[in-house]
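> Output the structure for:
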Amino acid sequence: MSICPYEALIRTWKEALGYAQEAPADGVCPLSGLTRVEDSEQQQTGASRTRGTLQPEHADYHVGNHASAREFILQGVKYRIRQAVFQNRTEDALELLDEYEAVAERGNPVNEQLLLLYRTILAPDLPILDREERFLAAIKLTKPGFDPPQLPLVLSHEEVVCIANYAKVRGEAGDLSGAIVLYDGLDRFLEQNKGSSEVAVRTQLTVLFHLSGYLEMAGRYRETAAASEKGIRISRESERCGYLDQFLFTKAKALLMQGQEALIPEARESLRLAICAAEAVDARPRLQHYQNYMQTYFEAANDAL
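Numbers count the residues shown, from 1 in each chain. Okay, the predicted model is just below:
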């Protein structure tokens, strides 16, 4: 289990938003408790200190408590929404969003953000300007001062997804440099804050996939290869290999496009591994594309010699 530096996180968040001490403590813990967390005055470990201090002032863990039960339900539905969206199960995701909306407190910015975010993701036929406006509006529900490309210091998972989708739309609209800056910022944020969270690792891989793609489109091939290599490393370490063959293929292309003979063996090996990875997961269209690329750039050249 990863240990989060709550003291620094709370202090940074409070200072960045210009909040007084009372604002982050309101409804979460006594003011004196938050002060102890920030100042690290208790001599317990970080995990036990936080558990002992950040208890709601009026906590009620009885199963009959309506608010607690509702929040418990919402957390479960939220997880299932994320899974359905990630797995492209559109109909399931839309039904789950309806279920979430029926239970969630309306007017709550966090709930409104989740609904707007995922309903926009699940409507890919919306005009690009409409999607851009909706993703930006979703971000500003909880980060009203969001001013791209500057990223807030503290982000929730849904805020990361909002910004990632906003970056994607900017890239699709032709703003490659704007998309690259946002994706690079998200990658840096996730690298610093992901801990051992499976969802954060999966999100970072998605960010790196798009970052490497837009770097390639911008002709920034050294950076493309570096982003792809990072994606390959994280895929192997986390054993989440959904993007592995694509990272390997993008790396191979980026190495070749640099036009250096010394990079050709590494490019060929990366392409060979991309073919193996695509074959292992039965990604037939990509597999055929990689094989055609191998034939064009390597085997055909060897046949001509």
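> where along the stretch 1-150 of the chain do the helices fall?
In order along the chain, the stretch 1-150 of the chain carries the following helices (DSSP state H, counting those that start in this stretch): 6-17, 22-25, 31-39, 46-53, 66-86, 90-103, 109-121, 128-142.
> and these, which one is worst for confidence?
Of all the helices of the stretch 1-150 of the chain, mean pLDDT reaches its minimum on helix 46-53 (a mean of 41).
> can you list the weak-confidence ranges in the stretch 151-300 of the chain?
Residues of the stretch 151-300 of the chain that meet the criterion pLDDT under 70 lie in 195-196, 300.
> one more time with 90, if that's ok
153, 192-200, 297-300 (pLDDT under 90).
> most centrally placed residue in the chain?
With the centre of the chain defined as its mean C-alpha position, the nearest residue by C-alpha atoms, centre = their mean is residue 203, 3.2 Å away.
> Following the chain past the host helix or strand of that residue, name the next helix or strand.
Residue 203 is located in helix 198-217, with elements delineated by DSSP states H and E. Using DSSP H and E, the helix or strand that follows helix 198-217 in sequence is helix 221-238.
> so what does that next one touch, helix or strand wise?
Using 3 or more C-beta pairs under 8 Å, 6 or more residues apart in numbering; DSSP states H and E as the contact test, the elements touching helix 221-238 are helix 198-217, helix 244-257. For every residue, glycine as well, the C-beta is placed using N, CA and C.
> In it, which residues are buried?
221, 223-225, 227-232, 234-235 (16 or more other C-beta atoms under 10 Å).
> go on, stretch 194-203?
Under the neighbour-count rule (16+ other C-beta under 10 Å), stretch 194-203 has 194, 200-203 buried.
> can I get those residues in CSV with distance to residue 149?
As requested, those are exported to CSV (distance: C-beta to C-beta, whole Å):
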residue, distance to residue 149
194, 21
200, 21
201, 24
202, 23
203, 19
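> For those, which two are the farthest from each other?
Across the buried residues of stretch 194-203, the two members that end up farthest from each other (C-beta to C-beta) are 194 and 202, 9.7 Å apart.
> export stretch 78-90 as CSV, just CAs?
C-alpha atoms of stretch 78-90 as CSV (Å, rounded to 0.1, in the frame of the first residue of the first chain):
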residue,chain,number,x,y,z
LYS,A,78,-18.6,5.1,-10.3
TYR,A,79,-16.1,2.2,-10.5
ARG,A,80,-18.4,0.2,-12.8
ILE,A,81,-18.9,3.3,-15.0
ARG,A,82,-15.1,3.6,-15.4
GLN,A,83,-14.7,-0.1,-16.2
ALA,A,84,-17.5,0.0,-18.8
VAL,A,85,-16.1,3.1,-20.5
PHE,A,86,-12.6,1.6,-20.5
GLN,A,87,-13.9,-1.6,-22.0
ASN,A,88,-16.0,0.3,-24.7
ARG,A,89,-19.3,-1.2,-23.3
THR,A,90,-21.3,1.9,-24.3
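> Which residues outside it are in contact with it?
Counting contacts by C-beta atoms under 8 Å, 6 or more residues apart in numbering, the residues outside stretch 78-90 that touch it are 92-93, 96-97, 100, 114, 118, 121-122, 157, 199, 202.
> Repeat that for stretch 268-285.
So stretch 268-285 is in contact with 241, 244-246, 248-249, 251-252, 255, 286-287, 290-291, 293-294, 297-298, going by C-beta under 8 Å, 6+ apart.
> Weed out the non-buried ones from those residues.
When the contacts of stretch 268-285 are checked for burial by 16+ other C-beta under 10 Å, the buried set is 244-246, 248-249, 251-252, 255, 286-287, 290-291, 293-294, 297-298.
> Residue 109 touches residue 141, doesn't it?
Yes - counting by C-beta atoms under 8 Å, residue 109 sits close enough to residue 141 to count as a contact (4.4 Å).
> that older thread, show me how far the helix holding residue 203 is from its chain's centre.
Helix 198-217 sits 8 Å away from the centroid of its parent chain (C-alpha atoms, centre = their mean, to the nearest Å).
> With stretch 112-132 instead?
In terms of C-alpha atoms, centre = their mean, the centre of stretch 112-132 is found 17 Å from the chain centre.
> List the buried residues for that stretch?
In stretch 112-132, residues buried by neighbour count (16+ other C-beta under 10 Å) are 112-122, 131-132.
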